[in-house]
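Peer 1: coordinates only, sequence not included:
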């Protein structure tokens, strides 16, 4: 009976030796679009029931593929018996079986077709779900593509050549061909595009020369806790929202000038360090906008230094796919450094490339699935009894909820968050077994998070960009119409009450992302720095809405010695007491806290003309926090130290810390002044 079933299904079977087991191996078959089936479909029943053999079924029809149940000795992606027995015999058997699994994938991936084509992206059907992203595909018309993302049951790939790809066209996929980038000394100090250096590499490339364009994030066992500082040259961030090596941090603001300056300074601050930097221009205008062109000039001015940054740039009005590939290329170059034990920093000057790429793929997916759903509804309508209504929700609709991180969210939101996190989690600090390398990502986000819509610490003289209540409500696409109406009424009432009280708003970035997208980036990453512009045109960090989830371990030793984490809380407490105090009379302690908070916030306002050295940051903060100097005394003190006591700055730069001797010297200088 089993043999007849196998023959009718077009299946053949091979077997590989595996460790003995008291339970028979069971196989299940599942359609790419249907439920699992528990029927035995193997033609060699003895191979499936013998305790010393494991059965692997070859499939001649790509619409059906085999996956083992949890009771079997293997796992879903292969029969990995070595993990259960850890014996030499098991490893030999698994190697043979895994080879058969690769043959299965090769056989199945020969029947892939193009379901839809749009915006340089092809959507493929019936591709094996375990095929690695970044693998090359070949279209029957001669074009090539690279697999970018999979959303069940479809796979998306970018079309590389400017050839015409038709719907229904056949696609072949070679599992041994993956897109890779050549990374060597010539990569540094040069400007490259996302397709420059793209080559074919095998499954395990030499990390010293070639790295995969699209990689999975490192797993948890490969990571090491973040415990070292990445100096950004922005005093507010280095003191109160530190960035650690291996961290992913968002830099968000409605003003392109503010966020770009911080990204550039973070790169320039690594000039005399061992950190290799990659700056990617992934904005919608490439390097053609005034802000980006100025940033490019600043980066190119330092290209002659020993560790000059690598610049990845796209052309003007590049597509979402090109911009996304530029971001992937920047991370791949940095991963080449990380995987050889070095430290790398990637600055992505516009993370809208991820949001735009998702919109392209989501639109194609919904168009295809909606058509499939309608077609299935027509077929099912004939089977429904009179008066009976179909209860099947449309795929990806707002009514379809899934569990994501312990919270029920719409399936569209969960899929989008998975796409974003797969990219941002490439940032990592690796353990000793992976050469102790690190990859830090600074992602620049244009937009305003929800918690910065009020003022707060460091935001008293800040101007916000104008956003109409209608524009704000339109950003929340998952709300019902009733919820939108209530929110719109509340925002209109708030705007009417505030009219005439606020200062004239500065022009905000027209390319800002919706607030829900900004919030998703914030929740996925390891922290975010919220920047605003003061009325004098200086860059200000909002202490209340900025956070580093790594915390004190990411701070420099000098900042930990000055207890800047405690000072941050004191500044916010002083603001709260000033704002919510019921009485005009305040205690001496409250006045002292308010005066110190005012001096600290004045120091944190900067024009970001150049990165500030750690030594100068430590001296300035010591004068304010320990020596209780007024803000007006800080600049004369720094000038005195630069001119007559440069060894103090040099020692702090070298050791990264203050000590009692340096503090005693600073006390003497302050007394003399």
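Peer 2: Arrived safely. Values in this document were obtained by computation on a predicted structure and should not be read as measured data.
Peer 1: list the helices and strands the longest strand anywhere in the chain packs on?
Peer 2: What stands out as the longest strand in the chain, according to DSSP state E, is strand 170-182. If contacts are counted by 3 or more CB pairs under 8 Å, 6 or more residues apart in numbering; DSSP states H and E, strand 170-182 sits against helix 88-108, strand 112-118, strand 135-139, strand 144-151, strand 198-201, strand 210-212, helix 320-338. Yep, even glycine has a C-beta here, placed from its N, CA and C like the rest.
Peer 1: now stretch 245-252, how far from the centre of its chain.
Peer 2: How far stretch 245-252 lies from its chain's middle: 9 Å, per CA atoms, centre = their mean, to the nearest Å.
Peer 1: Let me see the mean pLDDT of that stretch.
Peer 2: The average pLDDT within stretch 245-252 is 94.
Peer 1: same deal with stretch 123-143?
Peer 2: 89.
Peer 1: residues touching the most centrally placed residue in the chain, list them.
Peer 2: In the chain, the residue lying closest to the centroid (CA atoms, centre = their mean) is residue 424, at 1.8 Å. By CB atoms under 8 Å, 6 or more residues apart in numbering, the contact list for residue 424 reads 248, 441, 443, 521, 524-525.
Peer 1: Neighbour count and distance to residue 176 added to those residues, as JSON lines?
Peer 2: Formatted as JSON lines, the contacts of residue 424 follow (neighbours: other CB atoms under 10 Å; distance: CB to CB, whole Å):
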{"residue": "248", "neighbour count": "25", "distance to residue 176": "31"}
{"residue": "441", "neighbour count": "29", "distance to residue 176": "30"}
{"residue": "443", "neighbour count": "30", "distance to residue 176": "33"}
{"residue": "521", "neighbour count": "24", "distance to residue 176": "35"}
{"residue": "524", "neighbour count": "18", "distance to residue 176": "33"}
{"residue": "525", "neighbour count": "23", "distance to residue 176": "34"}
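Peer 1: quick one on the thing from earlier: dig out what the nearest residue to the residue nearest to the centre of the chain once chain neighbours are set aside forms beta bridges with.
Peer 2: Setting aside the residues directly before and after it, residue 424 is nearest to residue 248 in space (CB to CB, 6 or more residues apart in numbering), at 4.7 Å. Judged by DSSP bridges, the bridge partners of residue 248 are residue 441.
Peer 1: returning to that earlier point: just the closest of the contacts of residue 424 to residue 373, please.
Peer 2: Using CB to CB, residue 524 is the member of the contacts of residue 424 that sits closest to residue 373, with 29.7 Å.
Peer 1: Which residue, neighbours along the chain excluded, lies closest to that closest one?
Peer 2: residue 421 (4.7 Å).
Peer 1: Need the pLDDT of that neighbour.
Peer 2: Predicted confidence (pLDDT) for residue 421: 94.
Peer 1: surely it meets residue 526?
Peer 2: No: at 11.5 Å, residue 421 does not count as touching residue 526 under the criterion of CB atoms under 8 Å.
Peer 1: what's the helix or strand containing residue 363 packed up against?
Peer 2: In this structure, residue 363 sits in helix 352-381 according to DSSP states H and E. Under the contact criterion of 3+ CB pairs under 8 Å, 6+ apart, helix 352-381 touches strand 112-118, strand 121-125, strand 144-151, strand 154-159, helix 320-338, helix 411-424.
Peer 1: Taking strand 154-159 as reference, get the angle to the second one.
Peer 2: It stands for strand 121-125. 140 degrees (axes from the mean of the first three to the mean of the last three CA atoms, to 10 degrees).
Peer 1: now do the first one
Peer 2: Here strand 112-118 runs at an angle of 70 degrees relative to strand 154-159 (the same axes, to 10 degrees).
Peer 1: who does strand 112-118 pair up with?
Peer 2: strand 121-125 (antiparallel), strand 170-182 (antiparallel).
Peer 1: For the residue nearest to residue 613 when sequence neighbours are not counted, give me the pLDDT.
Peer 2: The shortest distance from residue 613 to any non-neighbouring residue, by CB to CB, 6+ apart, is to residue 653 (6.3 Å). On pLDDT, residue 653 comes in at 91.
Peer 1: got the contact list for residue 653?
Peer 2: Taking CB under 8 Å, 6+ apart as the test, what residue 653 contacts is 613-615.
Peer 1: doesn't it fall inside a strand?
Peer 2: No: residue state for residue 653 (DSSP: H, G, I helix; E, B strand; the rest coil) corresponds to helix; a strand is not indicated.
Peer 1: circling back to that earlier point, next, format the contacts of residue 424 as a markdown table and append distance to residue 476.
Peer 2: Shown next, in a markdown table, are those (distance: CB to CB, whole Å):
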| residue | distance to residue 476 |
| --- | --- |
| 248 | 25 |
| 441 | 27 |
| 443 | 22 |
| 521 | 16 |
| 524 | 19 |
| 525 | 21 |
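Peer 1: Going by distance to residue 450, which of these wins?
Peer 2: For the contacts of residue 424, the nearest to residue 450 is residue 521 (12.3 Å; CB to CB).
Peer 1: contacting residues around the closest one?
Peer 2: 250, 252, 351, 420, 424, 443, 445, 528.
Peer 1: mind checking how far stretch 547-564 is from the chain centre?
Peer 2: On CA atoms, centre = their mean, the centre of stretch 547-564 falls 23 Å from that of its chain.
Peer 1: ditto for stretch 336-344
Peer 2: Centre to centre, stretch against its chain (CA atoms, centre = their mean), the figure for stretch 336-344 is 18 Å.
Peer 1: Go through that stretch and flag the buried ones.
Peer 2: Buried residues in stretch 336-344, defined by neighbour count with 16 or more other CB atoms under 10 Å: 336-339, 342-344.
Peer 1: Regarding that stretch, how distant is the last residue from the first?
Peer 2: 9 Å (CA to CA, to the nearest Å).
Peer 1: doesn't residue 606 make contact with residue 538?
Peer 2: Yes: at 6.0 Å, residue 538 counts as touching residue 606 under the criterion of CB under 8 Å.
Peer 1: What residues sit buried inside the longest strand of the chain?
Peer 2: In strand 170-182, counting by 16+ other CB under 10 Å, buried: 171, 173, 175, 177-182.
Peer 1: cool, and stretch 317-336?
Peer 2: 318-336.
Peer 1: Same question for stretch 626-643.
Peer 2: Those buried within stretch 626-643 under the rule 16+ other CB under 10 Å are 626-627, 629, 631, 633-634, 637-638, 641.
Peer 1: What mean pLDDT does that stretch get?
Peer 2: 89.
Peer 1: just to revisit the earlier point, relative to residue 520, how far out is the residue nearest to the centre of the chain?
Peer 2: For residue 424, the distance to residue 520 equals 10 Å [CB to CB, to the nearest Å].
Peer 1: any low-confidence regions in this protein?
Peer 2: The chain contains residues with pLDDT under 70 at 1-109, 194-208, 286-291, 302-306, 377-399, 451-467, 497-511, 579-589.
Peer 1: Would you mind listing the residues in contact with residue 419?
Peer 2: Taking CB under 8 Å, 6+ apart as the test, what residue 419 contacts is 149, 354, 357-358, 361.
Peer 1: Which member of those residues is positioned nearest residue 137?
Peer 2: Among these, and counting by CB to CB, the member closest to residue 137 is residue 149, at 13.3 Å.
Peer 1: right, and the closest one touches residue 158 too?
Peer 2: No: contact criterion CB under 8 Å: residue 149 and residue 158 do not qualify, at 10.0 Å.
Peer 1: neighbour-wise, which of the two wins?
Peer 2: Taking neighbours as other CB atoms under 10 Å, residue 149 and residue 158 compare with residue 158 leading, 25 against 22.
Peer 1: hey, what's that one bridged with?
Peer 2: Bridge pairing for residue 158 - DSSP bridges - gives residue 121, residue 146.
Peer 1: Look up how far residue 343 lies from it.
Peer 2: Taken as CB to CB, the span from residue 158 to residue 343 is 30 Å.
Peer 1: repeat for residue 170
Peer 2: Relative to residue 343, and taking CB to CB, residue 170 is found at 45 Å.
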